[in-house]
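Enquirer: kindly generate the corresponding structure for this input.
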Amino acid sequence: MNAPWILIVFLAALDEGPIPPALDISRIERRIRVEPEYVAPPLHGLLLLDEAGAFRCWAVFDKTAPDAKYYDVLYFDRNGDGDLTEPGERIVGTWDEEAKAAGMGMTLRVGDVPVPGTSTVHKGLLFSTSPKASWQGFWFRIRWAGEVDMSGGYEPVGRDHTQYAQSAAEAPILWPCPGRALSFALWMDDPCELTIGAENHVNVLIGIMGSRSDTLAVVDESFVDLEKNALIVTVLARDASGRELLTQSRIRGHC
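Expert: Predicted coordinates:
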C-alpha cells in the first residue's frame, strides 16, 4: 500500500504587461575591479538593480575588527563601476537591541540608489545580518523604483537567508526586479507536511529568483491584486489506498 503524499503547485496569472527578455545569470562575470583591504574574510554578493540586469552592484561584508561578533561593515558599489574604494561606499552598521527580535539587530543602511542614465531611484536599501535564533545569512530590503517593496533573499523552504560567498567568483546574484517571472516559496521552519481531512496552515512567499535557491527576492503582499490577478493552488495527493486526488482553489485573500 502506498503512503499518502501531497504536492502543492502555485500558479500566478498577472496582467502586468510583457515580461522582459530572460538574462542568463550564470554567464555574468563575477569579478570586482578594485577592492579595499578587508579586516575579516569578506563575504560577497551581487545585486542586479535594473530591468535589463545591466546595473550591477557588489555588496561585500566585512568587520570593524577581526573578532567582531557580526559582520558590521558593508562595501556597496553604489554606481556599479566595480570599484569598492570610492567615497560613500563603506557603510558601518548600527546595533539596535529593539530590532533584534525581528532579526535586524545589526543593520547596515545604504539609502537611496539611483540607476545611472535613468530617472529611476530605488529607495531605502538596507541589509541585515539577521542574528535571530539559528537563522543564517544576510537579508536586504529595498523599495524598487520607489514603488514596490522587495526583500530577501530566501530559501524555497525554511527561514534562512542568502549565504554570501567567500569569493567574488562564487557570489550569489540577487535580482529584486518585480517585473520578472514569479517563483514561490514556503515561509516555514520545516518542509510542509499536510494531513488529508485536517485543517492546515501554509505560508507562501512570492518573488523573483536569482542565481541560487537561496536568492528569492520577495514582493510585498500588495503586489498581487487578488481581485484582478489569479493565484491558483493545485493540490495533487495520493491517499492511503493509492487513489490519486486533485483539487484546485483560487486564493482570494492575503494573510
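Enquirer: tally of neighbours for the nearest residue to Met188 once chain neighbours are set aside?
Expert: Residue nearest to Met188 in three dimensions, not counting chain neighbours: Asn203, with 5.8 Å by Cβ to Cβ, 6 or more residues apart in numbering. Every residue, glycine included, has its C-beta placed from N, CA and C. Using other Cβ atoms under 10 Å, Asn203 is surrounded by 10 other residues.
Enquirer: need the nearest residue in space to Val204, chain neighbours excluded.
Expert: Phe184 (6.1 Å).
Enquirer: ok, what's across the strand from that neighbour?
Expert: Ile206 (DSSP bridges).
Enquirer: tell me the contacts of it?
Expert: Phe10, Pro156, Val204, Leu205, Ile206 (Cβ atoms under 8 Å, 6 or more residues apart in numbering).
Enquirer: from Ala102, how far out is it?
Expert: 23 Å (Cβ to Cβ, to the nearest Å).
Enquirer: what do you get for Arg31?
Expert: 35 Å.
Enquirer: cool, Leu245 as well?
Expert: In terms of Cβ to Cβ, Leu245 sits 39 Å off from Ala102.
Enquirer: Gln166 now?
Expert: Distance from Gln166 to Ala102, by Cβ to Cβ: 27 Å.
Enquirer: hang on, the earlier thing: got CSV for the contacts of Phe184, with distance to Leu43, neighbour count and pLDDT too?
Expert: What follows is the contacts of Phe184, written out as CSV (distance: Cβ to Cβ, whole Å; neighbours: other Cβ atoms under 10 Å; pLDDT from 0 to 100):
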residue, distance to Leu43, neighbour count, pLDDT
Phe10, 32, 17, 50
Pro156, 22, 14, 85
Val204, 29, 16, 81
Leu205, 23, 20, 85
Ile206, 27, 18, 86
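Enquirer: from the residues you listed, pick the one nearest Glu147.
Expert: Ile206 (16.6 Å; Cβ to Cβ).
Enquirer: that closest one and Ser183: what is the separation?
Expert: 8 Å.
Enquirer: one more: Thr120?
Expert: For Thr120, the distance to Ser183 - Cβ to Cβ - is 23 Å.
Enquirer: state the pLDDT value of the residue nearest to Val204.
Expert: If you check Phe184, the pLDDT there is 84.
Enquirer: same question, Thr85
Expert: 98.
Enquirer: so what sits opposite Trp144 in the bridge?
Expert: Val148.
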